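[1] Got a predicted model here, sequence first, then my questions.
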There are 2 protein chains.
Amino acid sequence: MNAEIIAVGSELLLGQIVNTNARFISSQLSELGINVFYHTVVGDNPKRLEEVIEHAEKRADLIIFSGGLGPTKDDLTKETIAKHLGVPLEQNDDAMEYIMTFFEKRNRKMTENNRKQALVLKGCEVLRNENGMAPGMLFENDTHTYILLPGPPKEMQPMFQFEAKPKLAKRVSDGGLIVSHVLRFYGIGEAELEDRVQHLLDAQTNPTIAPLAGDGEVTLRITAKADTEEEAWGLITPTRQEILDLVGEYLYGVNDDSLSSKLADMLIENKITISAAESLTAGLFQSELAANPGISEVLYGGMVTYNEDVKVNQLGVSRELIDKYSVVSAECAAEMAVRIKEKFGTDLGVGLTGAAGPAEHGGRAVGTVWIGIAYGQDEPLTYQLNLQGMRNTNRIRAVKTAIHHIIQLLSSKGYRKI
Amino acid sequence: MNAEIIAVGSELLLGQIVNTNARFISSQLSELGINVFYHTVVGDNPKRLEEVIEHAEKRADLIIFSGGLGPTKDDLTKETIAKHLGVPLEQNDDAMEYIMTFFEKRNRKMTENNRKQALVLKGCEVLRNENGMAPGMLFENDTHTYILLPGPPKEMQPMFQFEAKPKLAKRVSDGGLIVSHVLRFYGIGEAELEDRVQHLLDAQTNPTIAPLAGDGEVTLRITAKADTEEEAWGLITPTRQEILDLVGEYLYGVNDDSLSSKLADMLIENKITISAAESLTAGLFQSELAANPGISEVLYGGMVTYNEDVKVNQLGVSRELIDKYSVVSAECAAEMAVRIKEKFGTDLGVGLTGAAGPAEHGGRAVGTVWIGIAYGQDEPLTYQLNLQGMRNTNRIRAVKTAIHHIIQLLSSKGYRKI
């Protein structure tokens, strides 16, 4: 099955927004083993859209549209497809009811043009929209499969994932199914990780193993095709174990975990409280952690000690220590971690100091970062980074690395990562 | 002149990266008044690429390619175009020299496949690459203009902006030039802003005025075509003044300013020191401000007071005040601002408290945010927000709104915004 993804919307052609939908749908199709050979973007123009559909039909079996399902007169994707296929539009009662309830709940009057959103292609399978008003559609004829999705990512993504993808998975696996499992690594380069698991990559058939790197992280996606979920996991599990035996020390999580969500989970689950004193990262560590709901149970807070006087007078790092070792040093990072932990009365304290750039800081070159981690009564741990990026890349990398080391520390204490 | 943008790269079709190049080039072409009717993405496959080129030639005058100019055997954009157009490739000596120097400087041996990067279409105008090895090309024949750009955004963007765009500008303006000026607004909705300047939007010819909204901000781009820069500014200036007379109170900056960079500029220029006490935003305000180089002169730091005990014991907000008014209240936000300002000895203190979601906080509904701003000996100012977004959208919006109000406050004190 070969696919083309068509995004409809003049705002894409004006460069006002970026076509993240094509990326999302592509990566989802790739998990299903469906090849995507083309992405196309076309404006809100029925003539040009129809030409694009005709062209796509010549080169793809599966055509996926995003955008143009809304209530305004610019939204013409389904009307154009209906005309092109010679299939009438009819009202979907569930969708109509949902739209009317939407307006009632908000005490707003529904304008007539909203009725248009409840129209679907006759004979299609309706894809429910849990996050907006316009339903999606999957329509098949003898030659092609057409999927129509709304444009806003928050509506499109869950609709694709939970409504369209299972239907496609059934079609491509001949009644069987596809199960994917993602292992997430930090602290190891893509080349080195691939090198260590090369013999597994070379031998892969079912399950397949796909590496992907980005933003300092590396993932391995294990994908199995089988008749039942149990059988798929029977294929995945031994491969997963082989990988973990080789590079498990760098694993931080699986599937949709992020470094920040994984650390938040471990802290919340085990009621481990945390505080941080941040210099170069200026609150980014705490802010990243605070992105996770439920974190207020364990994140007490911390300080941003951007200024040296603040480090001394507010946090209590001694002037002598700074003069002797520099503000960018293992000693200062460790002291920041210990001080904030004591001051805020938490189980864990984290200190982050460094020269983010563009200028050197504390006599240390741009990109030098020290991370301090104080846990319970243990001696504080310190880690040095020598980063090569721009100011803000360096700040983000420092936060990710600190999170990675805390996860590894907690894991070494017996708290489960996965 | 009508354009099609073709991105070449299998990694785009696998969903590993998003096609930000198409967005960038589109917005640049839109400034020049060049219509973009299609974006296409195709993989590293010469047959499919050539079909895409043939199709693009039927519907566009200007075809812009990104990607596939590198040294590996997957990089085949210029080879495919050369074959398609029947134009030979020849070595560009400047590019070859640049490549050899690149390797010499790094003490690395140049491998043979790097020579391929110095090959250009015979008769093209070479576009210099200041950030990588592969040069770009502009090639014209009787019917079409072809522009070839490298894929990595950090190479492509400056090459387009400084090498390709001026050449295109000359072609579309018949020897004249195009000047754009962007006005940036916050705190006013797109609909209301458009409504207030509607008569200007209706009457526009030269200069044109293009509104754009996103992430709570609205911009107006004023674009003039003229023979000289002076003449262009003569057209822009009175329109700009008319707009500022109508909605100037919501202006925060121009062109590439962001809320955070504008506030950083105002603080650094006027040596106004700042600290913050953050609850729901958990360091995001300080971290955003710290993204700007030079900020360490004025950003002393602050506290993340996520936990109520921390607010009381570390920051010094009284338990009585919290019990009487709630942690999410004007009184608490004002007190946080005053306390952090006094504690850190800064000119400005900022307090941020609220219920980010998913649960209510301090007896206040999700999305309720209070911002406190203390400046000098003035009574602290407070602002309430009732946000409707998800947890992290709410946190970002709270930070942006706080920055906006500080900019407005400083502006009211006579510090220049622009």
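    Received, thanks.

[2] Kindly report the residues of the stretch 201-350 of chain A close to chain B.
    A:212, A:214, A:276, A:278, A:280-287, A:289-291, A:293, A:295-296, A:299-307, A:309-310, A:314, A:343-344 (Cβ under 8 Å from any Cβ of the partner chain). (C-beta placed from N, C-alpha, C; glycine too.)

[3] switch to 7 Å and redo it
    A:212, A:281-284, A:286-287, A:290-291, A:293, A:296, A:299-307, A:310, A:314, A:343-344 (Cβ under 7 Å from any Cβ of the partner chain).

[4] Looking at these, which are in strands?
    Those of these mapping onto strands are A:L212, A:L299, A:Y300, A:G301, A:G302, A:M303, A:V304, A:T305, per DSSP state E.

[5] I'd guessed the third one sits against A:L267; true?
    Looking back up the chat, that one is A:Y300. No - counting by Cβ atoms under 7 Å, A:Y300 sits too far from A:L267 to count as a contact (11.0 Å).

[6] would A:G349 count as being in a strand?
    Yes - assessed with DSSP: H, G, I helix; E, B strand; the rest coil, A:G349 lies in a strand.

[7] For the closest residue to it other than its chain neighbours, pull up the helix or strand it's in.
    Spatial nearest neighbour of A:G349, excluding adjacent residues (Cβ to Cβ, 6 or more residues apart in numbering or on different chains): A:K341 at 2.6 Å. In the assignment (DSSP states H and E), A:K341 maps to helix A:330-344.

[8] so what does that helix touch, helix or strand wise?
    When contacts are defined as 3 or more Cβ pairs under 7 Å, 6 or more residues apart in numbering or on different chains; DSSP states H and E, helix A:330-344 packs onto strand A:274-278, strand A:299-305, helix A:319-325, strand A:348-354, strand A:368-375, strand A:381-386.

[9] what sits up against that helix?
    A:275-277, A:300-303, A:315-317, A:321-322, A:325-326, A:348-353, A:370-374, A:380, A:382, A:384, B:310, B:314 (Cβ atoms under 7 Å, 6 or more residues apart in numbering or on different chains).

[10] what's the helix or strand for A:I272?
    Here A:I272 is assigned to no helix or strand, by DSSP H and E.

[11] In a helix, A:K167, correct?
    Yes - under three-state DSSP, A:K167 sits within a helix.

[12] Next, count neighbours for the residue of the stretch 151-300 of chain A found nearest chain B.
    Among residues of the stretch 151-300 of chain A, the one nearest chain B by Cβ to the nearest Cβ turns out to be A:G283. It sits 2.3 Å away. A:G283: 31 surrounding residues under other Cβ atoms under 10 Å in any protein chain shown.

[13] List the contacts of the closest residue to it other than its chain neighbours.
    Nearest residue to A:G283 in three dimensions, chain neighbours excluded: B:G283, at 2.3 Å (Cβ to Cβ, 6+ apart). For B:G283, the contacting residues are A:G283, A:L284, A:Q286, A:S287, A:V304, B:V304, by Cβ under 7 Å, 6+ apart.

[14] Please determine how far the residue nearest to A:G349 is located from chain B.
    Distance, A:K341 to chain B, using Cβ to the nearest Cβ, to the nearest Å: 13 Å.

[15] which residue lies farthest from the center of chain A?
    Distance from the C-alpha centroid of chain A, by Cα atoms, centre = their mean, peaks at A:E320 (43.9 Å).

[16] surely A:N255 meets A:V182?
    Yes - with contact defined as Cβ under 7 Å, A:N255 counts as touching A:V182 (5.1 Å).

[17] Those two - which one has more neighbours?
    Per other Cβ under 10 Å, whichever of A:N255 and A:V182 has more neighbours is A:V182, with 17 against 12.

[18] Who are the contact partners of the more buried one?
    A:V182 neighbours (Cβ under 7 Å, 6+ apart): A:T219, A:R221, A:V254, A:N255.

[19] Starting from the helix or strand it falls within, tell me which strands it pairs with and how they run.
    In the assignment (DSSP H and E), A:V182 maps to strand A:177-186. Using DSSP bridges, the strands paired with strand A:177-186 are strand A:217-226 (antiparallel), strand A:251-254 (antiparallel).

[20] after it, next one along is what?
    Counting by DSSP H and E, what follows strand A:177-186 is helix A:190-196.

[21] list the contacts for A:A356?
    Here A:A356 is in contact with A:L280, A:R391, A:N394, A:R395 (Cβ under 7 Å, 6+ apart).

[22] which of these are buried?
    With neighbours counted by 16 or more other Cβ atoms under 10 Å in any protein chain shown, the contacts of A:A356 contain buried members at A:L280, A:R391, A:N394, A:R395.

[23] Looking at those residues, spot the one nearest chain B.
    Among the buried ones among the contacts of A:A356, A:R391 lies closest to chain B (Cβ to the nearest Cβ), at 6.2 Å.

[24] relative to strand A:381-386, how tilted is the helix holding A:K341?
    Angle of helix A:330-344 versus strand A:381-386, following axes from the mean of the first three to the mean of the last three Cα atoms, to 10 degrees, is 130 degrees.

[25] List the buried residues of helix A:330-344.
    Those would be A:330-341, A:343-344, for helix A:330-344 by 16+ other Cβ under 10 Å.
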